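# after the sequence you'll find the predicted model.
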Amino acid sequence: MSAITVRVPAKVNLQLAVGPLREDGYHDLVNVFHAVSLFDEVTAAEPLDADPSAAPLRVRVEGDLTGEVPVSDDNLAVRAARALADRAGRSYRADLLIRKSIPVAGGMAGGSADAAAALVACNDLWGLGLPVEDLMEIAADIGSDVPFALLGDTAVGTGRGERLAPLETAGVFHWVFALADGGLSTPRVYGECDRLREEAGVAAPTPAVSEALLAALREGDARALGQALSNDLQPAALALRPSLADTLAAGRTHGALGAIVSGSGPTCAFLAESAEHAHELAALLKDVDGCRSVVTAHGPVPGATVAG
Ligand SMILES: C[C@@](CO)(OP(=O)(O)O)[C@H](O)COP(=O)(O)OP(=O)(O)OC[C@H]1O[C@@H](n2ccc(N)nc2=O)[C@H](O)[C@@H]1O
Ligand SMILES: Nc1ncnc2c1ncn2[C@@H]1O[C@H](COP(=O)(O)OP(=O)(O)O)[C@@H](O)[C@H]1O
């Protein structure tokens, strides 16, 4: 096969419990990931030119507002492909094309998604046949959120978020995402979370999964899920981007079952009662100040998958 395309979802964090800062610079987490139907696509193709002096891995990015995405070796998809080639012990070549719909630096793990998609696409293109367990290991070295983009659906991540256990869920949940202008840096938001805790004299709690959240997921109870959503990074994201408080308030006023910053933000996630309610809510939210655009999506959906 000379080109493989992989579709990979964004995530929203249903619970993000942030524990103490570890010596390695990461925080211990309980991170309940939920994959939603907002997708990037990554195509890995055999390079057409046979120039041996050309870079073995090249990347192009298409889509709106992709200015912040590096097209160098720093691109997470390139880093993932390189790590896979290193594991296979050979200098493989590929041209990667990323079609981005997931907001950049938006707290929806778009870069991690592209890395996971590149692993699946190159594993196939290069005929390596590595099992998903091996891809998971490589994924965790690229970033804490990358293993979940391989797995998809709904799962709880512990450690720095890379150790995953799938969660039982029932039914479909309907979401509205309010995308903001500009991104927020993940390390900066974690740093602000530590600073706010220090300022308030509050010790970081040991993270624990919410039983109410697990029950809501098991029962497919959107109303209970809306009540159980929580994000310890939200106060930090709001401190760095105060206008998000207005976006969240607008969603609640318009009847969202739950309103939360997605991960490190600045995307805000709203849980709706139905697909119809999600579309109504989206129409009402699109004129809120500071909101660049609004998209609807459902979850859970599978992780990185070769397109048919
Ligand atoms: C906050 C979350 C929630 O799912 O995602 P985003 O909302 O940014 O997408 C994740 O924890 C982001 O995971 P990811 O974006 O993969 O981060 P990594 O590359 O592993 O780490 C980037 C930086 O974030 C901080 N970091 C990340 C994970 C973690 N458990 N503790 C941390 O303190 C560290 O400063 C680290 O250097
Ligand atoms: N393929 C990629 N897509 C998006 N961002 C990337 C990618 N590769 C590297 N990056 C860098 O990673 C940063 C965070 O990206 P992203 O995963 O979109 O955000 P978040 O961590 O908030 O979910 C971006 O600002 C960008 O500089």
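Perfect, I can see it now. Worth saying up front: this structure is predicted, and the values here are computed from it rather than measured. Ligands and ions are numbered 1, 2, ... in the order given.
# all helices in this structure, in order from the N-terminus.
Applying DSSP state H to the chain gives helices spanning 76-88, 110-125, 132-142, 146-151, 186-200, 211-219, 222-228, 234-240, 244-253, 275-285.
# is any part of the fourth one close to ligand 2?
Yep, that's helix 146-151 we're talking about. No - remark: helix 146-151 sits outside contact range of ligand 2, by Cβ under 6 Å from any ligand atom, the gap being at least 9.7 Å. All C-beta atoms are positioned from the backbone trio N, CA, C, and that covers glycine.
# so what touches that helix?
8-9, 11, 33, 35, 76, 80, 109, 112-113, 115-117, 119-120, 132, 135-136, 139-140, 155, 157, 161-162, 164, 166, 303-304 (Cβ atoms under 8 Å, 6 or more residues apart in numbering).
# any quick ChimeraX command for the buried ones out of those?
Selection of buried members from these for ChimeraX, criterion 16 or more other Cβ atoms under 10 Å:
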select :8,9,11,33,35,76,80,109,112,113,115,116,117,119,120,132,135,136,139,140,155,157,161,162,164,303,304
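# of the contacts of helix 146-151, which ones also sit close to ligand 2?
76, 109, 112.
# ok, these vs ligand 1, which is closest?
Closest to ligand 1 out of those is residue 109 (4.1 Å), distances taken as Cβ to the nearest ligand atom.
# how near is residue 93 to residue 127?
13 Å (Cβ to Cβ, to the nearest Å).
# the more surrounded of those two?
With neighbours defined as other Cβ atoms under 10 Å, residue 93 and residue 127 compare such that residue 93 has more, 20 against 9.
# point out the residues in this structure that sit beside ligand 1.
Going by Cβ under 6 Å from any ligand atom, the residues of the chain near ligand 1 are 13, 16, 25-27, 29, 31, 107, 109, 112, 143-145, 160-161, 186-187, 190, 263-264.
# quick one on the thing from earlier: okay, the helices of the chain, which one's buried deepest?
Most buried of these by mean neighbour count (mean count of other Cβ atoms under 10 Å) is helix 110-125; its value is a mean of 29.
# closest point of the stretch 151-300 of the chain to ligand 1, which residue?
Counting by Cβ to the nearest ligand atom, the stretch 151-300 of the chain gets nearest ligand 1 through residue 263, at 2.0 Å.
# residue contacts, that residue?
11-13, 16, 107-109, 186, 231, 233.
# now do residue 96
42-45, 57-60, 75, 77-78, 81, 118, 121.
# out of everything not next to it in sequence, what's closest to the residue most central in space within the chain?
What sits nearest the mean C-alpha location of the chain, by Cα atoms, centre = their mean, is residue 109, with 2.5 Å. Of all residues not flanking residue 109 in the chain, residue 145 sits nearest, at 4.4 Å (Cβ to Cβ, 6 or more residues apart in numbering).
# what's the answer for residue 286, then?
Nearest non-adjacent residue to residue 286, counting by Cβ to Cβ, 6+ apart: residue 294, 4.5 Å away.
# surely the one you found and residue 287 touch.
No - using Cβ atoms under 8 Å, residue 294 is not in contact with residue 287; the gap is 9.4 Å.
# so between these two, which is more surrounded?
Set side by side, residue 294 and residue 287 show more neighbours around residue 294, with 21 against 9, by other Cβ under 10 Å.
# who does that one bridge with?
For residue 294, the residues forming beta bridges with it (DSSP bridges) are residue 178.
# tell me the contacts of it?
With contact set as Cβ under 8 Å, 6+ apart, residue 294 has these partners: 176-179, 282, 285-286.
# in space, what's closest to whatever residue of the stretch 1-150 of the chain ends up closest to ligand 2 - neighbours in sequence excluded?
Nearest residue of the stretch 1-150 of the chain to ligand 2 (Cβ to the nearest ligand atom) works out as residue 111 at 2.9 Å. Once flanking residues are discounted, residue 111 sits nearest to residue 76: 4.3 Å by Cβ to Cβ, 6+ apart.
# circling back: please report the distance of the residue of the stretch 151-300 of the chain closest to ligand 1 from residue 307.
Residue 263 sits 26 Å away from residue 307 when distances are taken as Cβ to Cβ.
# what does residue 98 give?
Distance of residue 98 to residue 307, computed by Cβ to Cβ: 14 Å.
# joint contacts of those two?
The contact lists of residue 98 and residue 307 share residue 41, where a contact means Cβ under 8 Å, 6+ apart.
# hmm, back to that, just the buried ones from the contacts of residue 294?
Neighbour counting with 16+ other Cβ under 10 Å marks 176-179, 282, 285 as buried within those.
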